[in-house]
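Asker: Need a 3D model of the sequence below.
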Amino acid sequence: MGEKRIKENVEFWDWVFRFVSKPVTHFFVKFTKITPNQITILSFILGLLAAGLILMGDYNYLVVAGVLVLIFMVLDNVDGEIARITKKTSKLGHWLDGVVGFIINEALILAMALSIGSPLSLSVGLLTMIAFPMQYLLIFFYKAEIVKENAPITIGSGSLINKIKYLYGSTFFQFTVAIGCFFNKLLWVLIFFAVIGNLFWMGTLFVQYINLKRKF
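Answerer: Below is the predicted model:
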């Protein structure tokens, strides 16, 4: 298992952003005494600031918000990389990193929906806000309470679905939000994730059902 399994399970977009985060990590480790949790808190502040700028609605603010979201994504890798390099990994740090990601995703969705302010944006915003916690709830319930193991859920060996699922996730969402800010297409972002996000958790239910039928 080990390193190979970890690499296979990393979201594609996390892997892409590591090309940027690694030099930033080495700079912080070499020239500062900043801790992983401090980086996480800094990313949280930048994420909230990005949501606030989106809420203001002006295009110039949207561009700045898009940049802040990209920085947030980089720092989201940096905190973990610093923790591993300095051997300061902890359950608290892992929890803090996860909580920050959950809160920022929901804050960005809410900000986009309210910024546009139309009945459509509010409706699809609500659907998108539901989609993300549903995904995590179903996945972790299945692993913690049903199969009681942390192994990835797969459909066959080397399945295309298994590869595609690592293209989707929080990092992909955040990157799409940044692009939506740059092109002032926030409604498209909300519609896309309202559809794809809810289809993802429904597909997760189907995959879990098929796996349970095969194993038990």
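Asker: if I look at the residue nearest to Tyr142 when sequence neighbours are not counted, how far off is Leu138?
Answerer: Once flanking residues are discounted, Tyr142 sits nearest to Gln208: 5.1 Å by C-beta to C-beta, 6 or more residues apart in numbering. To be clear about C-beta, it is placed using only N, CA and C from the backbone, and glycine gets the same treatment. With distances taken as C-beta to C-beta, to the nearest Å, Gln208 is found 7 Å from Leu138.
Asker: who touches both of these two?
Answerer: Shared contacts of Gln208 and Leu138, defined by C-beta atoms under 8 Å, 6 or more residues apart in numbering, are absent.
Asker: which residues does Ala111 contact?
Answerer: Ala51, Gly52, Ile54, Leu55.
Asker: Repeat that for Leu68.
Answerer: With contact set as C-beta under 8 Å, 6+ apart, Leu68 has these partners: Leu46, Gly47, Leu49, Ala50, Leu53.
Asker: how close does the most centrally placed residue in the chain sit to Lys215?
Answerer: Centroid check for the chain by C-alpha atoms, centre = their mean gives Ser170 as the closest residue, at 1.8 Å. Distance check for Ser170 against Lys215: by C-beta to C-beta, it reads 28 Å.
Asker: follow-up on the earlier one: other SSEs contacting the helix or strand where the residue nearest to Tyr142 lies?
Answerer: Element membership of Gln208, judged by DSSP states H and E, is helix 186-215. Packing partners of helix 186-215 (3 or more C-beta pairs under 8 Å, 6 or more residues apart in numbering; DSSP states H and E): helix 91-116, helix 119-141, helix 170-183.
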